[in-house]
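Engineer: I would like to see how this sequence folds:
(chains A and B)
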Amino acid sequence: MVNQIIAEIFQEIGEYLDMQDVPFKPRAYEKASETIASLSFDLGDVYKKGGIKALEEIPGIGVSTGEKIEEYLKTGKIKFYEELKKKTPVDLTNLRRVGGLGPKKIKALYKKLNIKNLEELENAAKAGKIKSLEGFGAKSEENVLKGIEFLKRSKGRFLYGYLSSEIKNIENNLKKIKGVTRLDIVGSIRRRKETIGDVDILIESKNSAPIMDFFTSMDNVLQILAKGETKSAVLLKSGIQVDLRVVDKKSYGAALSYFTGSKDHNVALRKVAIGYGMKLNEYGLYKILDNGEEKYIAGETEEDIYSNLGMQYISPELRENRGEIELARAKKLPKLINYGDLKGDLQVQTNWTDGDASIEEMANAAIKYGLEYIAITDHTKRLAMTNGLNEKRILEQTKEIDKLNKKLEKEGVNFKILKSTECDILEDGSLDMPDEILKQLDIVSISVHSLFNLSEKEQTERIKKAMNNPYVNIFFHPTGRRLGKRDPYAVSIPEIIKYAKEKGIVLEINSQPERLDLNDEYIKMCVESGVKMSIDSDAHSVSHFPYLDLGIGLARRGWAKKEDIINTLPVGEMLKSLKRS
DNA sequence: GCCGTTTTCGGCCCGACTGTTTTCAGTCG
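Structural biologist: Okay, the predicted model is just below:
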């Protein structure tokens, strides 16, 4: 898929133009970049089928960006971009990941100190050269160092949600090769970890040579790290490493278990085997005979291995050695929520604020995805940058929703659009919408978008005050983190969970790849405290509903059952469950 | 550079916060 590469280039073009104070164009390139990054189809295919005309039909792509996509597809380069880069040869991709640095500051650092990359930035900051620059000071220098430190901590981890289409593509192509009888994506992806370090692929085949040849010569390979008979590894242009293992049928289950991990889970599992006088490795489960010989007992499937160890099957999401081995041996594992269990989505944005599509388009996309209801949760006026709704517009929106629901009913479609809001929590914990409006909505949800640097005590009190409003039902993305970009604000989630229990407030599991908030550990805390959760896509585009799977994966990692999640219920029961006593 | 229309030019979310300044540029969402 060329999408990610082109999206990245457009993003950088936008930033280069920003440096030059060019008006409006930066936003246009940025918008094009975002659109391309979230497409579910390949730009190369679009171009092949319909040429440049078809490209221009994609919203946000026009004559100029269309031509540049064509140029990239034909030549692998975009001249305009190459020239910008020559003029200001800085590592924008990495420098802009440092919080507080935007195009203008990066330009100043380059012009005045010739800083081109993170290393030079760090050296300059450590040498105290930044604080004396015009427009910078001691605080900026300190923040630069902090930003670099943050980057180092999150280095090498990727967000699965943003790589899934590229991985899916590799998977589909490998499956087409003759002799590939089974394929699984294993490792942290199979365990549904929120960030992944690399991609591990396991294949069952008797003939690995053509597989390895194909794998190492894919278009998106930057560098071949290893190529052998059973194992190959490549670095993709997108920066992630992919490992491939090929095994035979007899060992497939054992290899699946071994390469899925986690390491800690595997160690614990092997200890159980030893206790039974057995040995477990990636080729199978073996009984050690009196004469010292090893007799193969199981290995074709994971189920065989677990049952021969006297255990229930353990879902990949639970394999972190956090107590799952003991429960599986006692046959007491919880029955986790399943993929496909969600009946609705309680956070959906539309083009009334910062979403891409109309209410009707989002509803149709949700219907197509298999949902029975969605809640429309556009931002409120405090979030001016999203064109947040004021009292007048939100009332207009409820009328529009009534109209659409009537239409759906008339057409005999079993689908309901709920009136809702993502109401901003203001400075003092009051809400950005008066009670007389809130009480007219089906669901009231709240979230924090400002004052991220309050003390833990202040932030927690602020949120609790908001939760105390009698009309509030759900607290969205409770920690506010953006993976790889921003740490959570200081807040005591255990205290919020306790208060949510007391007040009957639902906490959200936000499924956006860079949010995934609550995380698995807090989800587990909610499950244990009996606090209900909702799993929402926070969709801003018709293509975002599949993110719900990320949220379900996370919920499973947090040991959540179907009954812990309110939007597994049909719409009537779900709404009833929200009623506060 | 894109979009939409009162169609082929004129408009393009805007307010808060930070850290620098001493009135505001840059960044963020």
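Engineer: how far away is residue A:494 from DNA strand B?
Structural biologist: According to Cβ to the nearest atom of the strand, to the nearest Å, residue A:494 and DNA strand B sit 25 Å apart. Backbone N, C-alpha and C define where each C-beta goes, glycine included.
Engineer: Look up the closest residue to that residue, ignoring the ones flanking it.
Structural biologist: Spatial nearest neighbour of residue A:494, chain neighbours left out: residue A:525 (6.6 Å); criterion: Cβ to Cβ, 6 or more residues apart in numbering.
Engineer: how long is stretch A:189-209 end to end?
Structural biologist: Stretch A:189-209 has its terminal residues 25 Å apart, counting by Cα to Cα, to the nearest Å.
Engineer: Correct me if wrong, but residue A:123 is in a strand.
Structural biologist: No. Per DSSP: H, G, I helix; E, B strand; the rest coil, residue A:123 lies outside any strand segment and is helix.
Engineer: how close does it sit to residue A:430?
Structural biologist: The gap separating residue A:123 from residue A:430 is 47 Å, by Cβ to Cβ, to the nearest Å.
Engineer: So what does the residue nearest to residue A:494 have for phi and psi?
Structural biologist: With angles defined as degrees, to the nearest 10, residue A:525 sits at phi -60, psi -40.
Engineer: So it is in contact with residue A:498, correct?
Structural biologist: No. Contact criterion Cβ atoms under 8 Å: residue A:525 and residue A:498 do not qualify, at 9.7 Å.
Engineer: wait, what's in contact with the residue nearest to residue A:494?
Structural biologist: A:493, A:494, A:497 (Cβ atoms under 8 Å, 6 or more residues apart in numbering).
Engineer: Just list the residues touching the last one, thanks.
Structural biologist: Contacts of residue A:497 were listed using Cβ under 8 Å, 6+ apart, and they are A:507, A:522, A:525, A:526, A:529, A:531.
Engineer: Excluding residues flanking it in the chain, which one is nearest the closest residue to DNA strand B within the stretch 301-450 of chain A?
Structural biologist: Nearest residue of the stretch 301-450 of chain A to DNA strand B (Cβ to the nearest atom of the strand) works out as residue A:385 at 2.7 Å. Nearest non-adjacent residue to residue A:385, counting by Cβ to Cβ, 6+ apart: residue A:354, 7.8 Å away.
Engineer: Same question for the most centrally placed residue in chain A, what's its three-state structure.
Structural biologist: Closest residue to the average C-alpha location of chain A: residue A:513 at 1.2 Å, with Cα atoms, centre = their mean. Under three-state DSSP, residue A:513 falls in the coil class.
Engineer: Residue A:165 is in contact with that one, correct?
Structural biologist: No. In this structure residue A:513 lies outside contact range of residue A:165 using Cβ under 8 Å: 11.5 Å.
Engineer: For the stretch 51-200 of chain A, what lies in contact range of DNA strand B?
Structural biologist: By Cβ under 7 Å from any atom of the strand, the residues of the stretch 51-200 of chain A that approach DNA strand B are A:56, A:59-66, A:80, A:96, A:99-106, A:131, A:134-141, A:143.
Engineer: Now the buried members of those residues.
Structural biologist: Buried members of these, counted by 16 or more other Cβ atoms under 10 Å: A:56, A:60-61, A:65-66, A:96, A:101, A:103, A:105-106, A:136, A:140-141, A:143.
Engineer: closest to residue A:391 among those residues?
Structural biologist: Closest approach between those and residue A:391, by Cβ to Cβ: residue A:60, at 31.0 Å.
Engineer: Now the longest helix seen in chain A: average pLDDT?
Structural biologist: Taking DSSP state H as the assignment, the helix of chain A that covers the most residues is helix A:391-410. Per-residue pLDDT over helix A:391-410 has a mean of 95.
Engineer: which helices and strands does that helix pack with?
Structural biologist: Counting contacts by 3 or more Cβ pairs under 8 Å, 6 or more residues apart in numbering; DSSP states H and E, helix A:391-410 packs against helix A:359-369, strand A:416-419, helix A:435-438.
Engineer: domains of chain A?
Structural biologist: Following automatic domain parsing, one gets these domains for chain A: A:2-154, A:158-247, A:252-329, A:344-577.
Engineer: Ends of the third one, what's the gap?
Structural biologist: Meaning domain A:252-329. Note: domain A:252-329 ends 23 Å apart using Cα to Cα.
Engineer: residue ranges of the strands in the stretch 251-400 of chain A, please?
Structural biologist: A:278-281, A:284-288, A:294-298, A:344-348, A:373-376 (DSSP state E, counting those that start in this stretch).
Engineer: got those as TSV, with distance to residue A:151 and mean pLDDT columns?
Structural biologist: As requested, those are exported to TSV (distance: least, Cβ to Cβ, whole Å; pLDDT from 0 to 100):
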stretch	distance to residue A:151	mean pLDDT
strand A:278-281	37	92
strand A:284-288	42	91
strand A:294-298	44	90
strand A:344-348	29	97
strand A:373-376	36	97
